[in-house]
Structures are given as structure tokens and as C-alpha cells.
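>>> Below are the sequence and a predicted model for it; my questions follow.
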Amino acid sequence: MPDFYQLSPADQSGRLRDLARDALAAWKLGPCELALIKFRENAVFRVTSQAGKLYALRVHRAGYHSDSELRSELQWMQALAASGFDVPVIVPASTGELFRQFAHASVPEPRQVDLFEWVSGAQLGSVEQDMSGTAGQDVAALGQTYRTVGRLAARLHNQATSWNLPSGFTRHAWDDAGLVGEQPFWGRFWELAALQPAERSLILSARDRLRHDLGRLARSPEHYGLIHADFAPENLLVDGEHIRLLDFDDAGFGWHMFEIATSLYFHSGQPQYAPIRDALIAGYREERALSDAQVAQLSMFLAARGFTYLGWVHTRHETETARELTPQLVELACAAAREYLATS
């Protein structure tokens, strides 16, 4: 049998579809149709029951989260739903488990699988298309949207700050070690082969400064806690005037300003950046305090966010998505690094 990881994305997703189809038996939904809707980190399938009910089934990539880490992610989503957040509703397996492990002969490792009720709406943006989600929108409409995004982020941080973590809760950290340490959570970004010598020198200089500056930051509940950590346009689903937050796969502990930087990152360098930034911060401040000193850290966290994306394509260089996005991500990260070094 060919090495799974040497197969094309279409062949890999086909094998994961076979695993997903077998896994669905644990939910006892009867005959269903499966359609792939996303295959990047995880494989996500739209499931349509015979009665026409829609679900989203997620087959996790191997080794990203332990069972304890995934259980913690789903527990936070349940707590958010109980607090009134419109997040995807988890559908437990017939045994009551929030997720299950499944193996398939055509896939080399067992995979975690979970199921959610379907969520309607349109992505605010897409990595494969307009990453910022601003194509064809006027500034006033974007300002209104990002004011809502800011309020949503603040409410999320308020809930996380007040929530008593369940026993055994465990997630990774987007702290100084996770962002710019020797083994960053998403990979050693400064080793990306696509970097030119001058770009690598710039990245290393900014990394040294970030290690110093992030190491000095407070980790009090006012500044640091459980965050979504992927508050990017493609995880914000717009349905009329309502915005829903999807995909808690990267959720962990980090600074609140890292969350804000993530939401703004792909607007960097665009004409609408300043009004979107101001609207998001204004919306955030409607729900939660955010000091001028914290806002002044934005260039630092934009640089850190840019480096995580370089690490992502470095550790996934064989994928089609990484090959397509690397030039743009290098350009954005270098611009963020220069801005950070000039202002810090």
C-alpha cells in the first residue's frame, strides 16, 4: 500500500472519507451522505441524513491533540454554549462520548472523530481566496462587522476569565515559548526554506526582540487566559447581522492581544486596516476593558502571529496549501517584523 502521506490530497481525503463513513455508525444516524467541505488540518465532512438533517463530522489529523486536550476543547465549547454563545453544538456518540477514536485499514493511525450540528452562514474570509474577507465590501460595512467581532472576542475572554476549569482540563499555550521559543507550537519558523538571507536575518532579529518582550509580559487574568487563538476571517461565519465563531482546534492559553492580532493580521498593509482595527478595538471595549498600553502591544503580537504562519507552512511544506500561501505569508511576516522593530 502506498505511503498515506505521499498520496495526493484527493486520495488522502478519499481514505479519510472511508474512515468517516465507518465512524458514523457510532452515532446511529442511519444511512447518510458525506461530502468533503475542508481538508487542511483536519478533514471536515458535511453529513446529510436520510431525513435531510445536516451535520459536520471532523476527522482530526494524527498527533495534534491528545484525548485529554480534545476533551478539554469540547468541554469549553459546551461551557460557551451554556453561557449563550452561538457555537457549534456537539452531538455525542450513542455511548455519550464527545468523540471517539477510529482506525481504518487505509489510514496509518487511529483518528479522533467528533460530530456537530450543522451551522449556517458564510465565511467572513477564506485562506484559499481573500484571506482578509474584505473583497467588495465598503469601509462602513466592514467597520460594523468588526465592531461585532470585537464584542464577540471580549465576551469570549470574559467567559474564559470567569469559568472554573474542569478537573483535568489541558490545552497548549501560545506564550513566549509556544510562539518564539526553541520549539514553537507551530514549528521553527526561522528555518523555513523559502526565506531569503535578508528575510531570515530580519525574522531572527525580530524573534530575539519578541523573546525579550513577551517574556516580560504579565499573565494576569486581565491580559492572559484561555483564547480561541484562530479568530481569523475564515472561522467567523456571517449569517445576516449575526456572527458565529467556529473551529476551536487551536484554542489554548495566551494573551488577549494575540487574539486581537489574529483577527486583524490579514488586513495588514491594506487601506482598510486602520478603520477595521479601530472598530474592533471599540467593539471590544464595549464588553471588556482594554488599556492603551495593551493596544500599544499590537505590532508585537502581529509579528508573533506572522511567525506562527511561517512555522505552519514550514512544517507542512509538502501540502498544496503551504506551497500556494508561502510567498504571501513571507511578505506579510517580514512587513510585520519590520513594523515591530521600528516601533518597539
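Received the coordinates, thanks.

>>> For the residue nearest to G181 when sequence neighbours are not counted, grab the count of nearby residues.
Nearest non-adjacent residue to G181, counting by C-beta to C-beta, 6 or more residues apart in numbering: R211, 7.5 Å away. In short, each C-beta sits where N, CA and C put it, glycine included. Number of residues near R211 (other C-beta atoms under 10 Å) recorded here: 15.

>>> in stretch 10-29, what's buried?
12-13, 15-17, 19-21, 23-24, 26-27, 29 (16 or more other C-beta atoms under 10 Å).

>>> Can you add distance to H60 and give the residues you listed back as JSON lines?
Below are these laid out as JSON lines (distance: C-beta to C-beta, whole Å):
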{"residue": "Q12", "distance to H60": "14"}
{"residue": "S13", "distance to H60": "14"}
{"residue": "R15", "distance to H60": "14"}
{"residue": "L16", "distance to H60": "10"}
{"residue": "R17", "distance to H60": "15"}
{"residue": "L19", "distance to H60": "11"}
{"residue": "A20", "distance to H60": "11"}
{"residue": "R21", "distance to H60": "16"}
{"residue": "A23", "distance to H60": "11"}
{"residue": "L24", "distance to H60": "15"}
{"residue": "A26", "distance to H60": "15"}
{"residue": "W27", "distance to H60": "16"}
{"residue": "L29", "distance to H60": "20"}
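
>>> which residues sit in contact with L264?
273, 276-277, 280, 298, 302 (C-beta atoms under 8 Å, 6 or more residues apart in numbering).

>>> In which helix or strand does it reside?
In this structure, L264 is located in helix 256-264 according to DSSP states H and E.

>>> isn't there a helix covering G168?
No: G168: not assigned to a helix; according to DSSP: H, G, I helix; E, B strand; the rest coil it is coil.

>>> What's the local residue count around it?
G168: 9 neighbours (other C-beta under 10 Å).

>>> How many neighbouring residues does the closest residue to it other than its chain neighbours have?
Leaving aside its sequence neighbours, G168 sits nearest to S68 (C-beta to C-beta, 6+ apart; 6.2 Å). When neighbours are counted by other C-beta under 10 Å, S68 registers 11.

>>> Can you tell me how far S68 is from G96?
From S68 across to G96, the span is 17 Å (C-beta to C-beta, to the nearest Å).

>>> which one is F307 nearest to, not counting chain neighbours?
Per C-beta to C-beta, 6+ apart, closest to F307 is F189, 4.6 Å.

>>> With Q183 instead?
A177 is the one closest to Q183 (C-beta to C-beta, 6+ apart), at 7.8 Å.

>>> State whether the one you found is indeed within a strand.
No: counting by three-state DSSP, A177 falls outside a strand, being helix.

>>> Need the per-residue pLDDT for it.
Note for A177: predicted pLDDT of 97.

>>> now swap in E339 and tell me
On the pLDDT scale, E339 gets 97.

>>> Name the SS class of it, please.
helix.

>>> what about the residue nearest to it when sequence neighbours are not counted, which helix or strand?
Distances taken as C-beta to C-beta, 6+ apart place S299 nearest to E339, at 5.2 Å, with adjacent residues excluded. Using DSSP H and E, S299 maps to helix 298-315.

>>> Which strands or helices does that helix pack on?
helix 176-180, helix 197-215, helix 256-264, helix 320-343 (3 or more C-beta pairs under 8 Å, 6 or more residues apart in numbering; DSSP states H and E).

>>> Helix 320-343 and the second one, what's the angle between them?
If I follow you right, that is helix 197-215. 70 degrees (axes from the mean of the first three to the mean of the last three C-alpha atoms, to 10 degrees).

>>> the helices in the stretch 1-150 of the chain, which residues?
9-23, 67-82, 139-162 (DSSP state H, counting those that start in this stretch).
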